[in-house]
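Asker: My questions are about this predicted structure, shown below with the sequence.
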Amino acid sequence: MAELTVVKIGGNIIDDSSKLNEFLDAFSNLPGKIVLVHGGGKMATDLAAKLGIETKMHKGRRITDAENLKLVTMVYAGLVNKNIVAALQARGVNALGVCGADQNLLLAEKRNHPSTDYGYVGDITKVNTLALCKQIECNAVMVVAPITHDGQGQLLNTNADTIATEVAIALSRFYKVKLIYSFEKPGVLLDAEDDGSLISKLSAEGCALLVEKGTINTGMLPKTENAFHAINSGVEEVVIGNFVNMENGFSAGTNISQV
Ligand SMILES: Nc1ncnc2c1ncn2[C@@H]1O[C@H](COP(=O)(O)OP(=O)(O)O)[C@@H](O)[C@H]1O
Ligand SMILES: CC(=O)N[C@@H](CCC(=O)OP(=O)(O)O)C(=O)O
């Protein structure tokens, strides 16, 4: 099986132009088949504040009412996606920017949670693996924004870590997939303020304890949940860390162990 890397970059890197450029420089040198999934949560939150739109997060997910859906669609599938595509093209990468509605790539259903109304948040029901593979085999680097759709004309907001996970799982049928959740810290930390407290290997049991203690919280919750789902669903290797550090050999991040 050919190897493929799915890289996800988060909002804190996207929001900082020097960190983003550093990331894109390293990313554009990555050999082989690659898919990039991006977030942009920080930029959406900052713009919402400027526009006087309230932001509510629950367990690392955005409660997405109609106003917030408009805003996140403009930010993720517009400004962020197109800026990344242009920056990659400038580095000689054949980037193709999409969201989940394009070529019906990511079908989702509006989340129906018993106690929390998430609004227009989508849970992925189907990945159009064939359409993804066609582009990958044509050497395009898909740049995927975290907007999905329900197939009936409704756009939905889906956490970017979840999108990276579902894309990686779907592609595992055809490729040996490595999934990297890249963010601004070296990996999962014992103390989120201390970059030296990296956990180099994380088991599901160890993770559950750290969640219970509150060591893993906010945005790290969806990342770790997704990471274990990926490693237990056919993805060959899953790492949470800073892609630039990994490429420069400084830190291999947190490796997610199976079971
Ligand atoms: N144990 C932990 N180790 C590292 N980061 C953590 C931990 N617990 C919570 N976090 C927080 O999770 C954030 C990453 O989640 P998030 O902001 O959603 O990332 P991104 O949008 O960049 O993917 C970190 O910036 C940090 O504040
Ligand atoms: C439903 C939900 O939470 N969607 C996320 C999508 C963006 C995202 O995941 O961005 P980061 O990777 O930068 O956090 C949100 O709107 O924040």
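Answerer: Ah, there it is. Ligands and ions are numbered 1, 2, ... in the order given.
Asker: Would you mind writing the CA trace of stretch 150-157 as CSV?
Answerer: Output of stretch 150-157 as CSV, limited to C-alpha atoms (Å, rounded to 0.1, in the frame of the first residue of the first chain):
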residue,chain,number,x,y,z
ASP,A,150,-26.3,17.5,4.7
GLY,A,151,-26.9,16.8,1.0
GLN,A,152,-30.1,18.9,1.2
GLY,A,153,-28.5,22.3,0.8
GLN,A,154,-27.6,22.9,4.5
LEU,A,155,-24.0,23.7,5.3
LEU,A,156,-22.8,22.5,8.7
ASN,A,157,-19.9,23.3,11.0
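Asker: Now do the same for V259: its pLDDT.
Answerer: Looking at V259, its pLDDT reads 69.
Asker: and the stretch 101-250 of the chain, which residues reach ligand 1?
Answerer: 183, 185, 188-189, 192, 215-220, 223 (C-beta under 6 Å from any ligand atom). For glycine as for every other residue, the C-beta is placed from the backbone atoms N, C-alpha and C.
Asker: ok, of those, which come out buried?
Answerer: Burial by neighbour count, 16 or more other C-beta atoms under 10 Å: within these this picks out 183, 185, 188-189, 215-216, 219-220, 223.
Asker: just the helices in the stretch 1-150 of the chain please.
Answerer: 11-14, 17-28, 41-51, 66-72, 81-90, 129-137 (DSSP state H, counting those that start in this stretch).
Asker: tilt between the second one and helix 81-90?
Answerer: The directions of helix 17-28 and helix 81-90 differ by 50 degrees, with axes from the mean of the first three to the mean of the last three C-alpha atoms, to 10 degrees as the criterion.
Asker: The chain should start at 25 in everything you say after this.
Answerer: Sounds good: first residue 25 from here, last item helix 41-52.
Asker: who touches the residue in the stretch 175-283 of the chain positioned nearest to ligand 2 in this structure?
Answerer: Nearest to ligand 2 in the stretch 175-283 of the chain, going by C-beta to the nearest ligand atom, is A184, at a distance of 3.4 Å. Each residue near A184 by C-beta atoms under 8 Å, 6 or more residues apart in numbering is listed here: 32, 34, 61-65, 170.
Asker: same check, this time on A216
Answerer: Contacts of A216 (C-beta under 8 Å, 6+ apart): 209, 239, 241, 244.
Asker: 6 Å - rerun?
Answerer: Contact partners of A216, counting by C-beta atoms under 6 Å, 6 or more residues apart in numbering, are absent.
Asker: in what helix or strand does it lie?
Answerer: A216 is part of no helix or strand, with elements assigned from DSSP states H and E.
Asker: any idea which of the residues of the stretch 125-274 of the chain next to ligand 1 is closest to ligand 1?
Answerer: Ligand 1 lies nearest to G243 out of these, by C-beta to the nearest ligand atom, at 2.2 Å.
Asker: wait, the closest one sits on R86?
Answerer: No. In this structure, G243 is not within contact of R86 by C-beta atoms under 6 Å, at 10.9 Å.
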